[in-house]
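In: sharing a model that was predicted from the sequence below.
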Amino acid sequence: MSTVTTDPHAHAEHEHHGPAKGLKRWLYTTNHKDIGTLYLLFSLLMFFIGGAMAMVIRAELFQPGLQIVEPNFFNQMTTVHGLIMVFGAVMPAFTGLANWLIPMMIGAPDMALPRMNNWSFWILPFAFSILLASLFMEGGGPSFGWTFYAPLSTTYSNDSTALFVFSVHIMGISSIMGAINVIVTIMNLRAPGMTYMKMPLFVWTWFITAYLLIAVMPVLAGVVTMVLTDKYFGTSFFDAAGGGDPVLFQHIFWFFGHPEVYIMILPAFGIISSIVPTFARKPLFGYASMVYATSSIALLSFLVWAHHMFTTGMPVAAELFFMYCTMLIAVPTGVKVFNWVATMWRGAMTFEVPMMFSLAFIVLFTIGGFSGLMLAITPADFQYHDTYFVVAHFHYVLVTGAIFSIMAAAYYWLPKWTGHMYDETLGQWHFWCSLISVNVLFFPMHFVGLAGMPRRIPDYALQFADFNALISIGGFAFGLSQLLFVALVVKCIKGGEKATDQVWEGAEGLEWTIPSPAPYHSFTTPPEVK
């Protein structure tokens, strides 16, 4: 069997040495599947490291008073937990899925730039080693929140800031290289006849995500560099005493940060759009509208950044502009939810684990969307801002959104990746434990937030004690539930029932990727009745 490669040096290497074995294979690989696997395994490791930090946070907040960690270490945990989950768990997982699936979905032999692909992965372990190493410095690691607002990150931080900035630069370089690779691959390596409007939606969502990455990652690089020069080189970008402005930091950060939120959810939309039609056994409803909705979300994401800043004293006109733009983003998002529901309408649905995670995604992500609409209302946001309500909102988007979609994708494509079917019973246990615990964990945060509990605090008023105990129990249950997933993946890789060509029963013969007319049994009268 011949291997197809776009690497001109690979053939020469095979002639002399044969294929690389062991560690060498993984270090030098330019194969998109190997690199996809590396990204996914790295992401899983980071998910558990970031999760362990969340457990420290929840253990401290189990009851009022300071019991386990001192406040500065608590702040380091909240900071590094956020950074690791965003840049180490969610983004590499989506990049791993892109590496595995995009070439296969568009009929390409590999990613267009295989050596750059290898490089963009292998700098990540170094970036996160630097970030984690900063926790062991004198004075501890970064403790200014994952948004590293000035002057906390400039005037009031310790020397771990330099390591933090360096690690963020490396993560950004990795993201930009990955995004370039995705765009070049999709534009140049599609199979003959695959026009843009015939691409699977997962490919579309990643195509748009890649453009977002290239647009906003340099902004992040700029703002961390300004933080670095303010701290070590005597500049005053964010120091009012030197003619700077700390609110300028927030504008630059959120101009990166809000599109970043969509970078973490658009590939999820692509995953759900692949899975729902399979288990509803119908083509996706409204393919073209899904493509346009995704593009609209991406464009609008650049116009809403200051909704994170309503309390900074903006002019009323600016507050109104950002409020209306934020509300506008709900429209294309609603189109997507409608299309998924319409796809399931009168379909022959079955409920294997990928479909269960997808359905949980649709319902719970929608809850996150609604709480986002509440936060968009400027006068209401004055009350919600920096409370646990905001924590509840973005965790519904990023845990029951991004993480659940990654879980759905893992279950859906594991048979393709490993050649073995996963253990369905274990998968169902993992789903139900995760679903129940994640809601016990995040739903009560809405209540304590609306009652006035602020975020990022190691101690709180007695009135919040009962809810916090419940939240912490949910947190530990959710964390432990993920061990079932690890057991399932290990079991699946080791062996088990062989996966067939037609993995999911009864789903054959449907063209998922192209806009085709709805089958007669949905929205129309059966032909024999007419």
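Out: Noted; the coordinates are in hand.
In: which residues touch the residue nearest to Asp239 when sequence neighbours are not counted?
Out: Nearest residue to Asp239, sequence neighbours excluded (C-beta to C-beta, 6 or more residues apart in numbering): Asp230, at 6.2 Å. (Each C-beta comes from the backbone N, C-alpha and C, glycine too.) Asp230 makes contacts with Ala150, Thr154, Ser236, Phe237, Phe238, Asp239, Gly244, as judged by C-beta atoms under 8 Å, 6 or more residues apart in numbering.
In: helices along the stretch 301-450 of the chain, start to end?
Out: For the stretch 301-450 of the chain, the helices defined by DSSP state H, counting those that start in this stretch occupy 316-344, 353-376, 378-384, 388-397, 404-418, 424-450.
In: what lies in contact with the third one?
Out: Just to be clear, that refers to helix 378-384. Contacts of helix 378-384 (C-beta under 8 Å, 6+ apart): His307, Phe310, Thr311, Glu319, Leu320, Phe322, Met323, Met374, Leu375, Val390, Gly449, Leu450.
In: so what's the first one up against?
Out: Contacts for His307 (C-beta under 8 Å, 6+ apart) come out as His258, Phe322, Met323, Cys325, Thr326, Leu375, Ala376, Asp381.
In: could you report the distance from it to Asp386?
Out: Remark: distance between His307 and Asp386 (C-beta to C-beta, to the nearest Å) = 14 Å.
In: now swap in the third one and tell me
Out: Separation of Thr311 from Asp386 (C-beta to C-beta) stands at 8 Å.
In: find the nearest non-adjacent residue to Trp56, please.
Out: One correction, residue 56 is Val, not Trp. Once flanking residues are discounted, Val56 sits nearest to Met77: 4.9 Å by C-beta to C-beta, 6+ apart.
In: ok so, going back, ok, of the contacts of helix 378-384, which come out buried?
Out: Taking 16 or more other C-beta atoms under 10 Å as the criterion, what is buried in the contacts of helix 378-384 is His307, Phe310, Glu319, Phe322, Met323, Leu375, Val390, Gly449.
In: list the buried ones in the helix or strand harbouring Thr205?
Out: Using DSSP states H and E, Thr205 sits in helix 201-232. Going by neighbour count (16+ other C-beta under 10 Å), the buried part of helix 201-232 is 201-213, 215-217, 219-221, 223-224, 226-228, 230-231.
In: with stretch 328-345 instead?
Out: By neighbour count with 16+ other C-beta under 10 Å, stretch 328-345 contains the buried residues Ile329, Ala330, Pro332, Thr333, Val335, Lys336, Val337, Asn339, Trp340, Ala342, Thr343, Met344.
In: and if you look at stretch 443-458?
Out: Buried residues in stretch 443-458 (16+ other C-beta under 10 Å): Phe443, Pro444, Met445, His446, Phe447, Val448, Gly449, Met453, Pro458.
In: for it, output the C-alpha coordinates as PDB.
Out: Coordinates of each C-alpha in stretch 443-458 appear next as PDB, following Å, rounded to 0.1, in the frame of the first residue of the first chain:
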ATOM      1  CA  PHE A 443     -26.400  26.300  37.400                       C
ATOM      2  CA  PRO A 444     -26.400  27.500  41.100                       C
ATOM      3  CA  MET A 445     -23.700  30.100  40.100                       C
ATOM      4  CA  HIS A 446     -26.500  32.100  38.400                       C
ATOM      5  CA  PHE A 447     -28.300  32.400  41.800                       C
ATOM      6  CA  VAL A 448     -25.300  33.300  43.900                       C
ATOM      7  CA  GLY A 449     -24.200  35.800  41.200                       C
ATOM      8  CA  LEU A 450     -27.600  37.500  41.000                       C
ATOM      9  CA  ALA A 451     -27.600  37.700  44.900                       C
ATOM     10  CA  GLY A 452     -24.300  39.600  44.600                       C
ATOM     11  CA  MET A 453     -21.400  37.100  45.100                       C
ATOM     12  CA  PRO A 454     -18.300  38.500  43.300                       C
ATOM     13  CA  ARG A 455     -16.000  36.400  41.200                       C
ATOM     14  CA  ARG A 456     -12.400  35.600  41.900                       C
ATOM     15  CA  ILE A 457     -12.600  35.700  45.700                       C
ATOM     16  CA  PRO A 458     -11.200  33.100  48.100                       C
END
